[in-house]
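**Q** Sequence and predicted structure below; questions after.
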Amino acid sequence: MPKVKLLKLTIFSFALISFFGSAFSTASAQSKIKENESGSHSFACYRNPKTGLPTTFAIRNGDEGRVGVPVIQWKSTYFGEYSPESRCKIVSERMQNLGTTRLSYITNSWLNGQPVICAAADMSSSEKRCINSRLIFTLESNDDANKVLKDFENVMAGNAKGAITRTVPPTVGGKFYVNMARLVRDGKRVTLGDRL
């Protein structure tokens, strides 16, 4: 009889361990999925040590304070009341506040008669127009929004040098979407300079 009880206890213990082990694995996997959905990266303004320019960086979880993916280097003084450093801080904060769910993509649009870059949760037709709550930054009046987004993608992927160039007149119509999660995941990381 003791052997039967021991066998039953062993089987019960194994079943219990298997159940809780599987529940823990599932909870852990769900937690990781939730973590990735809620914020696998953050945005902040740092001085880019390679260029000396104020730069909005995407910083992956675990890389805080060390390395980041340069998103936008701020060089233009077109908007006189905003220095490159103040635009960097404002836009970095906007991107951070939008979070990863509302900032899945960035796209071109118009707002108050100005060409702008806006956040988009997806590429659906419901987000054809930009609204103030999704505004990332306003472009110069002579900027081609599609070209800026393409340059943006190249800068983040490490395929371009320097700040985003803006030299071509704007185009009318047509949307260009940049997948932020992919760019942050695959973008070339560089050492962060001083936080601004």
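**A** Okay, I see it.
**Q** Where does the prediction get shaky in this protein?
**A** 1-39, 100, 124-128, 152-174 (pLDDT under 70).
**Q** what residues does stretch 187-196 touch?
**A** Under the contact criterion C-beta atoms under 8 Å, 6 or more residues apart in numbering, stretch 187-196 has outside partners 44-50, 54, 57-60, 63, 65-70, 85, 88-89, 156-158. In short, each C-beta sits where N, CA and C put it, glycine included.
**Q** Same check on stretch 107-121?
**A** 95, 98, 101-106, 123, 127-132, 134-139, 141, 143, 145-146, 148-149, 152, 170, 175-178.
**Q** Among those residues, which are located in strands?
**A** By the criterion of DSSP state E, membership of the contacts of stretch 107-121 in strands covers 105-106, 135-138, 177-178.
**Q** Of those residues, which is the most crowded?
**A** Ile106 (26 neighbours; other C-beta atoms under 10 Å).
**Q** wait, that residue sits on Ala181?
**A** No - applying C-beta atoms under 8 Å as the test, Ile106 and Ala181 come out as separate, 11.2 Å apart.
**Q** Which residue comes closest to Arg94 once chain neighbours are left out?
**A** What sits nearest to Arg94 in space, not counting adjacent residues and going by C-beta to C-beta, 6 or more residues apart in numbering, is Ile136, at 5.8 Å.
**Q** Report the contact partners of Ala58.
**A** Counting by C-beta under 8 Å, 6+ apart, Ala58 touches 41-43, 68-69, 71, 156, 180, 183-184, 187.
**Q** can you put those residues in CSV and add distance to Cys118?
**A** What follows is those, written out as CSV (distance: C-beta to C-beta, whole Å):
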residue, distance to Cys118
His41, 19
Ser42, 20
Phe43, 15
Gly68, 22
Val69, 20
Val71, 15
Met156, 17
Met180, 12
Leu183, 16
Val184, 18
Gly187, 20
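**Q** Pick the one among these closest to Phe79.
**A** Val71 (18.2 Å; C-beta to C-beta).
**Q** Quick check on the closest one: phi, psi?
**A** The phi/psi pair for Val71 (degrees, to the nearest 10) reads phi -100, psi -60.
**Q** how much space between it and Gly99?
**A** Here Val71 is placed at a distance of 15 Å from Gly99 (C-beta to C-beta, to the nearest Å).
**Q** higher neighbour count, the two?
**A** Using other C-beta under 10 Å, the more surrounded residue of Val71 and Gly99 is Val71, with 25 against 15.
**Q** gap between that one and Ala120?
**A** Counting by C-beta to C-beta, the gap from Val71 to Ala120 is 16 Å.
**Q** Ser86: neighbour count?
**A** Using other C-beta under 10 Å, Ser86 is surrounded by 15 other residues.
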